[in-house]
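Visitor: Pasted the sequence and its predicted model underneath.
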Amino acid sequence: MTGTTGEADFAWMRQALDEARRASERDEVPVGAVLVGPEGRAFADHNRTREASDPTAHAEMRVIRAAAERSGDWRLLDHTLYVTLEPCAMCAGAIVLARIPRVVFAAPDPKAGMCGSLENLVQDARLNHRVELVAGLLEEASAELLRGFFVARRGGRDGGAAGVSGGTDAP
Ligand code: ZN
């Protein structure tokens with residue numbers, strides 16, 4: 001794990017993991033996010049790409065939209081985003097645009113992660129905003145959820161037949 005954390009970070013990440021479990025129960029790729037603002041005001045949600053038929057309905061996008069709408073400000077200063085999987089290009093872009101100062105994620109995403117795995121968009125010195133990043137908090141719990149989800153899908157849906165049809169890409 002990299003970055004400095006406190007007890008509160010673990011508590012918020014556990015809540016994000018609860019959201020990821022909710023996603024799994026709805027046959028969504030299990031990713032959860034909690035965006036915590038000033039005075040502990042928090043928005044929690046999970047990946048809903050299938051339910052919404054919306055490729056942008058990632059957990060991070062859902063909580064960023066909710067928080068900005070509620071506060072009436074597109075800048076989410078003084079917020080920390082907790083997410084169970086390393087953000088993708090879209091979500092990393094939204095984090096920079098929203099000026100979120102701190103991001104804590106659990107499992108890295110070697111296939112799509114843009115906070116250190118493929119690239120590091122949120123700490124690119126050429127951009128006008130850089131994020132304090134904590135990687136790997138409760139990583140194993142999140143990785144276990146993701147593994148379980150994809151194993152169940154492969155085994156359950158098509159009885160282990162070759163491949164899974166459609167929508168298997170992690171967000
Ligand atoms: Zn994303």
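Guide: Yes, it's here. Numbers count the residues shown, from 1 in each chain.
Visitor: which intervals of the protein have sub-threshold pLDDT?
Guide: Across the chain, the ranges flagged by pLDDT under 70 are 156-171.
Visitor: Please repeat the previous calculation with a cut-off of 50.
Guide: Scanning the chain for pLDDT under 50 picks out 158-168.
Visitor: Quick check: chain neighbours aside, which residue is closest to the residue nearest the centre of it?
Guide: Closest to where the C-alpha atoms of the chain average out (CA atoms, centre = their mean) is Val83, at 3.6 Å. Nearest non-adjacent residue to Val83, counting by CB to CB, 6 or more residues apart in numbering: Ala33, 4.3 Å away. To be clear about C-beta, it is placed using only N, CA and C from the backbone, and glycine gets the same treatment.
Visitor: May I have the phi/psi pair for the one you found?
Guide: For Ala33, the backbone dihedrals (degrees, to the nearest 10) come out as phi -140, psi 150.
Visitor: That one touches Ala57, doesn't it?
Guide: No. Applying CB atoms under 8 Å as the test, Ala33 and Ala57 come out as separate, 11.5 Å apart.
Visitor: Look at those two and report which has more neighbours.
Guide: Ala33 (30 against 19; other CB atoms under 10 Å).
Visitor: Quick check: bridge partners of the more buried one?
Guide: Asp45, Val83 (DSSP bridges).
Visitor: show me what contacts it?
Guide: Each residue near Ala33 by CB atoms under 8 Å, 6 or more residues apart in numbering is listed here: 16, 19, 44-46, 58-60, 62-63, 81-84.
Visitor: Can you tell me which of the residues you listed lies closest to Leu97?
Guide: The shortest gap between Leu97 and any of the contacts of Ala33 belongs to Glu60, at 11.8 Å (CB to CB).
Visitor: A helix includes that closest one, no?
Guide: Yes. Judged by DSSP: H, G, I helix; E, B strand; the rest coil, Glu60 forms part of a helix.
Visitor: OK, contacts around it?
Guide: Contacts of Glu60 by CB under 8 Å, 6+ apart are Ala33, Leu81, Val83, Pro87, Cys91, Ala94, Ile95.
Visitor: What is the nearest of the residues you listed to Asn120?
Guide: Lowest distance from Asn120 to these (CB to CB) belongs to Pro87, with 10.7 Å.
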